[in-house]
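Engineer: output the structure for:
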Amino acid sequence: MDEQDQGFDMGAPLPNGEDHAPAANVLSQYVKDLSFENPNAPAIYQAQGAPKLDVQFNIGATQVGEDVHEVVLKVEARGEVDGRVMYLCELSYAGLFGLRNIPDEHLQPFLLGEAPRILFPFARRVLADAVRDGGFPPLLLEPIDFGALYFAQAQAAAEQGEISGEIGNA
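Structural biologist: The predicted model follows:
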């Protein structure tokens with residue numbers, strides 16, 4: 001028996017606008033906050049030592065409307081040389097995602113794993129440009145597997161008994 005015999009036509013529109021297929025769309029991306037400090041200029045440009053870099057990430061997600069979520073990828077970068085601060089750069093890069101018919105067990109993995117993966121290349125460029133515009137070589141970050149990080153943290157939390165239930169599969 002084929003799909004036509006069962007009353008299904010995969011190409012036909014659904015009645016009354018019914019659509020139950022999961023859908024995820026990037027609605028918008030934007031710099032939410034950007035700060036660059038160069039506290040020891042101009043003397044820092046004379047420093048000869050190897051720079052020490054520290055980069056930290058934080059991800060947050062908020063529902064801002066029906067089927068619309070804002071995901072914010074926050075990056076803090078600090079460069080030092082010879083114990084003196086070269087620069088401090090803080091970036092909050094956000095995206096609005098339209099999510100429809102996403103099962104609950106897949107919502108958080110998407111918002112904290114897949115959405116940051118989509119935003120990262122754009123945030124990386126903004127950060128590199130800000131550091132370069134501050135008079136330093138651009139900070140070029142390696143790609144990050146946010147999905148793997150999400151599942152590793154969820155696994156660790158589950159092992160510690162902090163969360164209950166099953167972790168969704170991606």
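Engineer: I'd like the distance between Phe36 and Val72.
Structural biologist: 18 Å (CB to CB, to the nearest Å). C-beta here means a position set from N, CA and C on the backbone, and glycine is covered the same way.
Engineer: the two: who's more crowded?
Structural biologist: Neighbour comparison, Phe36 and Val72: the larger count goes to Val72, with 19 against 15 (by other CB atoms under 10 Å).
Engineer: make sure that one is actually in contact with Phe97.
Structural biologist: No. Val72 lies out of contact with Phe97 (CB atoms under 8 Å); the separation is 11.5 Å.
Engineer: run the chain-centre distance for stretch 146-158.
Structural biologist: Centroid displacement of stretch 146-158 relative to its chain, using CA atoms, centre = their mean, to the nearest Å, is 15 Å.
Engineer: strands of this structure, start to end?
Structural biologist: In the chain, the segments counted as strands under DSSP state E are 23-37, 52-65, 68-81, 84-100.
Engineer: and the angle for the second one with strand 68-81?
Structural biologist: Here strand 52-65 runs at an angle of 170 degrees relative to strand 68-81 (axes from the mean of the first three to the mean of the last three CA atoms, to 10 degrees).
Engineer: who does strand 52-65 pair with, and is each partner parallel or antiparallel?
Structural biologist: Here strand 52-65 has these sheet partners by DSSP bridges: strand 68-81 (antiparallel).
Engineer: end to end on stretch 95-110, go ahead and measure it.
Structural biologist: End-to-end distance of stretch 95-110 (CA to CA, to the nearest Å): 13 Å.
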